[in-house]
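A.B. asks: Next comes the sequence, and after it the predicted model I'd like to discuss.
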Amino acid sequence: MMFEQDRTALSELGREMVEKGLTRGVGGNLSQRGDADHVAITPSGIPYDDIDPVDVPVVTTEGDHVEGELTPSTETPMHTMIYQQRPDVGGIAHTHSPYATTFGTLGQAVPASHYLVSYIGPEIPVTGYEQPGTEALGREATDTLGEEYNACLLRNHGVIAVGSDADDALETAQMVEFCARIHHHAVSIGEPIILEDEYIEELIEDIAEYRQIA
Ligand SMILES: [Zn+2]
């Protein structure tokens, strides 16, 4: 089986994404770079519990379906556009986690109210609205992520998070949800103190170093 390791990882991580409450039903999707030109991506519309490694489709970075019987995720264009723009990215997680999605529906970035925002960047930015599954949404995501951000909120939709592989991207997605949750609680009872830029810049460097070692 082509890209067996990557497809096995995605079949396991899909279940994990649901167990961690980052998505529900068949929502969200995961992908992992197999080599420079190929990406394994979760199939469209199949419950995560039912996805065996052999079912996981493989597409080229241009989006052509080359392996696996099932239809690749409807968000394949967004994934492939990110892989094309960011050679540093080896995995992508797209979730509909509730607190992060709440800020996304407000069109509000999550500021550095908790230091772990530095896993993502100086803040968790938010895209403009585009319809799910479109290249226009992919452009919004790639523009908002730029070269530096490890995640962003998709307005009125969810989260896109990147990492060195799909497991790492899922961890980023969890950080996004945690930071959004804390920020939500903080603004519910008061006015959070936002960390100064100098602290965040230092933390971004420390975390990049820590992730490289890990
Ligand atoms: Zn979605």
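C.D. replies: Ah, there it is. Residues are numbered from 1 along each chain as shown.
A.B. asks: C-alpha from now on. contacts and neighbour counts both.
C.D. replies: OK.
A.B. asks: What pLDDT does the model give the residue nearest the centre of the chain?
C.D. replies: Closest to where the C-alpha atoms of the chain average out (Cα atoms, centre = their mean) is residue 161, at 2.2 Å. At residue 161, the pLDDT value in this model is 98.
A.B. asks: Residue 214 now?
C.D. replies: Note on residue 214: pLDDT of 66.
A.B. asks: Residue 63 now?
C.D. replies: So, for residue 63, pLDDT stands at 93.
A.B. asks: Pull up the gap between it and residue 182, please.
C.D. replies: 37 Å (Cα to Cα, to the nearest Å).
A.B. asks: same check, this time on residue 23
C.D. replies: Distance of residue 23 to residue 182, given as Cα to Cα: 19 Å.
A.B. asks: ranges for the helices of this structure?
C.D. replies: Taking DSSP state H, the helices of the chain run over residues 4-19, 76-85, 98-106, 135-145, 166-189, 197-213.
A.B. asks: got these as a markdown table, with mean neighbour count and distance to residue 117 columns?
C.D. replies: What follows is the helices of the chain, written out as a markdown table (neighbours: other Cα atoms under 10 Å; distance: least, Cα to Cα, whole Å):
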| stretch | mean neighbour count | distance to residue 117 |
| --- | --- | --- |
| helix 4-19 | 20 | 20 |
| helix 76-85 | 22 | 21 |
| helix 98-106 | 21 | 12 |
| helix 135-145 | 20 | 14 |
| helix 166-189 | 20 | 6 |
| helix 197-213 | 13 | 8 |
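A.B. asks: Quick one: closest of those helices to residue 40.
C.D. replies: Residue 40 lies closest to helix 4-19 among the helices of the chain, at 6.0 Å (Cα to Cα).
A.B. asks: List the residues that contact the residue lying closest to residue 151 once chain neighbours are set aside.
C.D. replies: Once flanking residues are discounted, residue 151 sits nearest to residue 161: 4.1 Å by Cα to Cα, 6 or more residues apart in numbering. For residue 161, the contact set (Cα atoms under 8 Å, 6 or more residues apart in numbering) comprises 92-94, 150-152, 169-170, 172-173.
A.B. asks: Next one: residue 161 from residue 91, what distance?
C.D. replies: Using Cα to Cα, one gets 9 Å for the distance from residue 161 to residue 91.
A.B. asks: Determine the residues that are contacts of both of these two.
C.D. replies: Listed as contacting both residue 161 and residue 91 by Cα under 8 Å, 6+ apart are residue 169.
A.B. asks: what about stretch 17-27, start to end distance?
C.D. replies: 10 Å.
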